[in-house]
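>>> model the following, please.
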Amino acid sequence: MSRTTRRWMLGPLLALSATAAIVGGSVTAAEAATVTTTVAGPLNLRAAATTRSATVGRLANRARVTLVCKVAGEKVKGKVRTSNQWDRTASGGYVSHAYVRSNSSLPTCPAPVVPQVTVASVGPYTGPVVLGTVAGGPNGTMTNADFIAAAVIPAQQSQREFRVPASVTIAQSILESGWGRSGLTVNDKNFFGIKCFTPVPGPISIGCHSYATYEFVNGHYVATTAAFRTYASALDSFRDHGRFLVVNDRYAPAFAYTGNADQFLYQIWKAGYATSPTYVANVQALMHQFNLYQYDLR
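Purely as a prediction, here's the structure:
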């Protein structure tokens, strides 16, 4: 992340983001459909419903693959059609329906069940708090439901300190870390792709780590190398995300909307947090998909 533009990280080291589409759950064999993909060359199987997510496999031209359910994700123009539908395979990966030569109807992938919450008093706020949260915060080995449950406490702590709505923080952590599976998150507990701007990365981060990455500039991805902040814990990464938004003046307009998560998100995007034109829609889709608004402190 820079002071003037948001950098997207791609590739095997820093596989970005799940989008609104990635969900858990299972579908019975009776609901599955076997289809044939048609592509110009080998088709990447993705960890989430976006071309920015990690590649978890490859399908040969005209390979047959079993699909179990569908989700909404990044809109793709393929060899068969243009579609925002992504199909979940029996192995758990995702393939764009734009490359699938089939009109068979698939069931919608079920969302994971998020643990029940209770309302409790938390400092100057009140709001739902997940009890029995996994110690240490979220990580890439968890189910989607467990990831969300583990992210609630650090996100709410960030909201108490820095006033960033917890729903926005949780959704961004999912999108930008690929549910905790990006190299930056696994190695350095950086869930938000915050860069090092100086040799001293601030009072919360413990250091910097250089990665090969891609920057989205003028509609194209450009290969480069950048240094990113490292953290001792997921909680520190979540807190530093809140602090980053507070100390950078360009995000000041967003803090007039701390009680309106959607408007807060729009304002930080407008200020340059992300360059992708679909960023707000992707984050909001996660917020709605998993009802992350319930975790905002009031």
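
>>> now the helices for the stretch 101-250 of the chain?
144-162, 166-177, 183-188, 234-247 (DSSP state H, counting those that start in this stretch).

>>> which one is residue 158 nearest to, not counting chain neighbours?
Among residues not flanking residue 158 along the chain, residue 242 sits closest, at 3.7 Å (C-beta to C-beta, 6 or more residues apart in numbering). Where you see a C-beta, it was placed from the backbone N, CA and C, and this is true even at glycine.

>>> got the contact list for residue 199?
Counting by C-beta atoms under 8 Å, 6 or more residues apart in numbering, residue 199 touches residue 208.

>>> please tell me how far it sits from residue 224.
Here the distance between residue 199 and residue 224 works out to 19 Å (C-beta to C-beta, to the nearest Å).

>>> residue 57 - nearest residue in space that isn't next to it in sequence?
Distances taken as C-beta to C-beta, 6+ apart place residue 45 nearest to residue 57, at 3.7 Å, with adjacent residues excluded.

>>> assumed that neighbour was part of a strand.
Yes - assessed by DSSP: H, G, I helix; E, B strand; the rest coil, residue 45 belongs to a strand.

>>> end to end on stretch 46-59, go ahead and measure it.
Length of stretch 46-59, first residue to last, C-alpha to C-alpha, to the nearest Å: 11 Å.

>>> can you offset everything so residue one is 520?
New numbering, starting at 520: the last item is stretch 565-578.

>>> how near is the residue most central in space within the chain to residue 613?
The chain has residue 694 as the residue nearest its centroid, 0.9 Å off, counting by C-alpha atoms, centre = their mean. Distance of residue 694 to residue 613, given as C-beta to C-beta: 15 Å.

>>> give me the buried positions along the longest strand seen in the chain.
Identified as the longest strand of the chain according to DSSP state E is strand 583-596. By neighbour count on 16 or more other C-beta atoms under 10 Å, the buried set for strand 583-596 is 584, 586, 587, 588, 589, 590, 591, 592, 593, 595.

>>> now do stretch 798-815
798-799, 801-806, 808-809, 811-812, 814-815.

>>> pull the most distant pair out of the residues you listed.
Using C-beta to C-beta, the buried residues of stretch 798-815 span at most 20.6 Å, a distance reached by 798 and 814.

>>> so what secondary structure elements neighbour the helix or strand hosting residue 807?
Element membership for residue 807, per DSSP states H and E: helix 798-808. If you count contacts as 3 or more C-beta pairs under 8 Å, 6 or more residues apart in numbering; DSSP states H and E, helix 798-808 packs onto helix 685-696, helix 780-789.

>>> deepest of those helices, which one?
helix 685-696 (a mean of 29; mean count of other C-beta atoms under 10 Å).

>>> for that one, give the mean pLDDT please.
Averaged over helix 685-696, pLDDT sits at 97.

>>> picking up where we left off before, residue contacts, the residue nearest to residue 576?
Neighbours of residue 564 in contact, by C-beta under 8 Å, 6+ apart: 574, 575, 576, 577, 578, 608, 610, 612, 613, 614.

>>> extract the CA atoms of stretch 676-686 and return them as CSV.
C-alpha atoms of stretch 676-686 as CSV (Å, rounded to 0.1, in the frame of the first residue of the first chain):
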residue,chain,number,x,y,z
GLN,A,676,-10.6,-4.2,19.4
SER,A,677,-9.5,-2.1,16.4
GLN,A,678,-12.9,-0.4,16.4
ARG,A,679,-12.6,0.5,20.1
GLU,A,680,-9.2,2.1,19.5
PHE,A,681,-9.5,3.5,16.0
ARG,A,682,-13.3,3.6,15.3
VAL,A,683,-13.1,1.6,12.1
PRO,A,684,-16.3,-0.5,11.8
ALA,A,685,-15.6,-4.1,12.6
SER,A,686,-17.6,-5.4,9.6
